[in-house]
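Colleague: generate a structure from the sequence data that follows.
(one chain, ligands or ions: 1)
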Amino acid sequence: MADDPSDADTPADAASGTPDDSAPDTPEDAAPDTPDDSATGTANDWDPDAYDRDTGFVHEYGGSVVDLLDPSPGERVLDLGCGTGHLTAAIADAVGESGSVVGVDQSAEMVERARATYHDQRFEVADAREYAPADERFDAVFSNAALHWIPGADQPSVAERVRELLVPGGRFVAEMGGAGNVATVVDATLAELRARGYDATNPWHFPTVGEHAAVLESAGFEVRLARLFDRPTELEGGAEGLARWLDVFGDSLFADLDDGEKADVVDAVEARVRDELFDPDAGEEGVWTADYRRLRFVAVRE
Ligand SMILES: C[S@@+](CC[C@H](N)C(=O)[O-])C[C@H]1O[C@@H](n2cnc3c(N)ncnc32)[C@H](O)[C@@H]1O
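Modeller: Next comes the predicted model:
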C-alpha cells in the first residue's frame with residue numbers, strides 16, 4: 001500500500017546525493033524540535049504478526065536500500081536488525097549459493113519468525129552493539145530501519161563493531177530514521193503525555209547527516225554517500241493507521257500507562273495531528289500519512 005518506493009528512494013537518487021546535497025542547509029533540514037533522550041534508548045515489545053501485518057511498508061521501502069547495497073554473487077553480507085527477515089532473504093537471493101547472509105536481531109520473537117518464514121537462511125539473536133562471531137568477516141553490512149532504535153551514545157560502539165566485522169574495503173550500507181523523522185507524531189505524543197503529567201521523551205535516535213557521518217568517520221569509515229530526505233509514508237489500516245503504527249512502534253512511549261489511558265492518549269494524539277496527517281477522502285475510510293524522514297548512507301572501511 002506504500003507509495004512506489006522508487007519515487008524517492010532509487011539508487012540513482014541516492015547516488016546523486018553529494019556531500020553538498022546532503023548537508024543540512026535549510027531550516028527544514030535542521031534538527032527537529034523534539035527532545036532526544038537517546039542516551040537512555042528504547043525497548044519495544046516486538047510483535048512479528050503486527051509488524052508484518054501493519055508495517056509491511058518498512059521492508060517494501062527497504063528494497064531500494066538493498067538496491068543501494070547492490071549485493072553480488074558470492075558476497076558475505078550481514079543484515080543488522082533484520083526483523084522478520086524479508087530483506088535478508090532478498091539479499092540471499094542476490095548473493096546466491098556461492099555467497100552467504102546472516103540476519104541478526106535483538107528480538108528473539110522477530111528472529112523466530114524470520115527462521116520460520118525462511119527456513120534456509122541463517123538468523124541469530126544478538127545485539128548490534130556486541131555481535132562478534134568468531135573468525136567471520138563480511139564483505140558488506142546492511143541495515144534497514146534498525147539503527148535509530150539504538151541510543152545515540154551507543155552509535156560509536158555500533159560503528160566500531162561493524163568496522164571490525166568488515167574486511168578492509170568492505171561497505172556499510174544502511175537507512176535509518178533521520179533528523180525530523182515522524183516529528184509531527186512524536187511531538188504530539190510527547191505533548192499529550194506531558195499534559196497528563198508524564199515525563200515523556202523521544203525514545204529514538206534520529207541524527208543529522210553531520211552527526212552520523214562524524215560517528216562513521218571516527219570509527220574508521222570513509223563516508224561515500226549520506227543523504228537526508230523526506231519520505232511521507234502512508235500508514236496501513238485506513239482510519240486505524242496511526243493507532244496501529246503507535247501500537248507497533250510506540251511501546252516505550254506508553255510504558256507507564258495502562259491500556260485504558262493509552263487508548264485515550266492515542267485518541268488525543270489523533271485529534272492533535274488529524275488536520276495535518278489524515279486525508280479523510282483517500283482510500284475507503286481515509287489514510288494517515290506520517291512525516292517520515294530517512295537518513296541513508298554508504299560508508300567504506302578504510
Ligand atoms: C523496524 S524493524 C526493521 C526490521 C527489518 N530491518 C526490516 O526492514 O523490516 C527494527 C528492528 O531492529 C531491531 N533492533 C533494535 N535494536 C537492536 C539492536 N540493538 N541490535 C539488534 N537489533 C536491534 C528490532 O528488534 C527490530 O526487529
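Colleague: and the host helix or strand of Leu68, average pLDDT?
Modeller: Taking DSSP states H and E as the criterion, Leu68 maps to helix 57-69. Taken as a whole, helix 57-69 has an average pLDDT of 96.
Colleague: how many neighbours does the residue of the chain found nearest the ligand have?
Modeller: In the chain, no residue comes nearer to the ligand than Gly83, which is 2.5 Å away by Cβ to the nearest ligand atom. For the C-beta atoms, the positions are set from N, CA and C on the backbone; glycine is no exception. By other Cβ atoms under 10 Å, the residues close to Gly83 number 27.
Colleague: how about the one 10 residues further on?
Modeller: The number of residues packed near Asp93 is 11, by other Cβ under 10 Å.
Colleague: for Met110, same thing?
Modeller: Quick note: Met110 (other Cβ under 10 Å) scores 23 neighbours.
Colleague: secondary structure class for Asp199?
Modeller: With DSSP: H, G, I helix; E, B strand; the rest coil as the basis, Asp199 sits in coil.
Colleague: list phi and psi for the residue nearest to Arg53 when sequence neighbours are not counted.
Modeller: In space, Arg53 comes closest to Glu236 once its chain neighbours are excluded; the distance is 7.8 Å by Cβ to Cβ, 6 or more residues apart in numbering. Dihedral angles of Glu236 (phi, psi; degrees, to the nearest 10) stand at phi -80, psi 150.
Colleague: one step back: in terms of secondary structure, what does the helix holding Leu68 contact?
Modeller: When contacts are defined as 3 or more Cβ pairs under 8 Å, 6 or more residues apart in numbering; DSSP states H and E, helix 57-69 packs onto helix 6-9, helix 11-15, helix 86-95, strand 138-144, strand 166-177, strand 233-234, strand 293-301.
Colleague: before we move on, the earlier item: what is the burial count for the residue nearest to Arg53?
Modeller: 19.
Colleague: which residues touch it?
Modeller: Met1, Arg53, Asp54, Thr55, Gly56, Phe57, Arg244 (Cβ atoms under 8 Å, 6 or more residues apart in numbering).
Colleague: just those that are near the ligand?
Modeller: With the criterion set as Cβ under 6 Å from any ligand atom, no member of the contacts of Glu236 is near the ligand.
Colleague: what about stretch 115-122, how long is it end to end?
Modeller: One end of stretch 115-122 to the other measures 7 Å (Cα to Cα, to the nearest Å).
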